[in-house]
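**Student:** Generate a structure from the sequence data that follows.
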Amino acid sequence: MSIPVNQMKWMYETMYKIRYYEETMVQAYMEGKQPVFNIGAGTVPGEMHLAPGQEPAAVGICAHLRPEDTVTSPHRPHHHAIAKGVDLNRMTAEIFGKVTGLGKGKGGHMHLFDPAVKFSCGGIVAAGVPHAVGAALAAKMKGKDWVAVAFIGEGAANAGAFHESLNMAALWKLPFIIVVEDNAYGISVAKKESTAVASNEIRGAAYGIPGYLVKDNDPIEMYRISEEAVSRARRGEGPSIIEIETHRYLGHFQGDPELYRDKQEVPGLRERDPIARLEAKLLKEGAASQDDIAQMQARAESTVHDAYTFARESAYPAPEEALQGVFA
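**Tutor:** Below is the predicted model of the structure:
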């Protein structure tokens, strides 16, 4: 399948923006947490789960989505949020705990919510799957061709919510797609030590729905397969499972000592970095010049810098507002 040049360029620029955003967050997160790591200290207190290496999963399917399509994300949400078009200034302000954030600084990085593009995330494993199925049911009841996508890690495919939700989505032929990001580890547990099947797309057979496997963290293949799954959903043909073999370059969370990984694993993975591979493809096929690449990178970096500046310069919520806008 030939991918439109504008789509390939969008994917490249968005992947680069995600990577630059996450690498910038690595530095911001560590402010005030050294020389002795303290998870509650610093500019950005609390846990932080970053996604360098996992960009293809987000851009490959979000390239086919519209603002009215729903996306739910787990505790590692930034790449999905950026690819779906979440307001980056307000997202960053939320992560910094500022009043200008998506949740007025009260949710943090695992609780991002932007109704303008129908995006939400949460820290409970597999909890976003039923929410996305609910959105898919609402779309069908309204007679809309909207699609709902739930992103999860491969460990979450062993949760009850995964199976219960897929059963219901298949039974009712809902416009729902579940994307399983197989980064080989559920926190610190290797997939082969926790999951009975080699890849989760084969579980689709249990519910009579298609399952697709994207190998080698390939953004082009993710785009191709996602187009098929999204088109099926919009036509009213029901749900699909997509599993993508992707790579987590960083620890499960920032501060993770990663004692469970071989020290040579990540350097080996980075040798086939998906952003570099897509850049090489653009150049080889004449879809972009070196100047085009430089402009896309500069545009992405400028957007990220603006978001971090907005967040840093925004005010913290007033103490007397602590119980406003929350369930109490």
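**Student:** which parts of the host helix or strand of Y29 are buried?
**Tutor:** Using DSSP states H and E, Y29 sits in helix 5-30. Across helix 5-30, burial judged by 16 or more other CB atoms under 10 Å covers 8-22, 24-25, 28-30. For the C-beta atoms, the positions are set from N, CA and C on the backbone; glycine is no exception.
**Student:** report the angle between the axes of the next helix-or-strand element following it and helix 5-30?
**Tutor:** For helix 5-30, the succeeding helix or strand toward the C-terminus, using DSSP H and E, is helix 55-62. Helix 55-62 and helix 5-30 are oriented at 130 degrees to each other (axes from the mean of the first three to the mean of the last three CA atoms, to 10 degrees).
**Student:** Tell me which helix or strand comes right after helix 55-62.
**Tutor:** strand 70-73.
**Student:** Who are the packing partners of the following helix or strand past that following strand?
**Tutor:** Downstream of strand 70-73, the first helix or strand assigned by DSSP H and E is helix 78-84. Judged by 3 or more CB pairs under 8 Å, 6 or more residues apart in numbering; DSSP states H and E, the packing partners of helix 78-84 are helix 5-30, helix 55-62, strand 70-73, helix 88-95, strand 119-121.
**Student:** Using JSON lines, please lay out the ones you listed together with distance to A138 and mean pLDDT.
**Tutor:** Below are those laid out as JSON lines (distance: least, CB to CB, whole Å; pLDDT from 0 to 100):
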{"stretch": "helix 5-30", "distance to A138": "27", "mean pLDDT": "98"}
{"stretch": "helix 55-62", "distance to A138": "20", "mean pLDDT": "98"}
{"stretch": "strand 70-73", "distance to A138": "9", "mean pLDDT": "98"}
{"stretch": "helix 88-95", "distance to A138": "24", "mean pLDDT": "98"}
{"stretch": "strand 119-121", "distance to A138": "14", "mean pLDDT": "98"}
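**Student:** These: which one's closest to N200?
**Tutor:** Among the helices and strands packed on helix 78-84, the nearest to N200 by CB to CB is helix 55-62 (13.2 Å).
**Student:** Which strands and helices lie in contact with the closest one?
**Tutor:** Partner elements for helix 55-62 (3+ CB pairs under 8 Å, 6+ apart): helix 5-30, helix 78-84, strand 148-153, strand 176-182, helix 219-234, strand 240-245, helix 274-284.
**Student:** Mind listing what's buried along the second one?
**Tutor:** Which is helix 78-84. H78, H79, H80, A81, I82, A83, K84.
**Student:** shouldn't the second one be in contact with I18?
**Tutor:** Going back to what we said before, that points to H79. Yes: between H79 and I18 there is a contact under CB atoms under 8 Å: 4.7 Å.
**Student:** Overlap in contacts, those two.
**Tutor:** Taking CB atoms under 8 Å, 6 or more residues apart in numbering as the criterion, H79 and I18 both touch A51, E55, A58.
**Student:** Let's have those residues in JSON lines, adding distance to V99 and neighbour count.
**Tutor:** Shown next, in JSON lines, are the shared contacts of H79 and I18 (distance: CB to CB, whole Å; neighbours: other CB atoms under 10 Å):
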{"residue": "A51", "distance to V99": "26", "neighbour count": "25"}
{"residue": "E55", "distance to V99": "30", "neighbour count": "30"}
{"residue": "A58", "distance to V99": "28", "neighbour count": "31"}
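**Student:** Any chance of TSV for the buried residues of helix 78-84, columns distance to G105 and pLDDT?
**Tutor:** Output for the buried residues of helix 78-84, formatted as TSV (distance: CB to CB, whole Å; pLDDT from 0 to 100):
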residue	distance to G105	pLDDT
H78	17	98
H79	22	98
H80	21	98
A81	16	98
I82	20	98
A83	24	98
K84	21	98
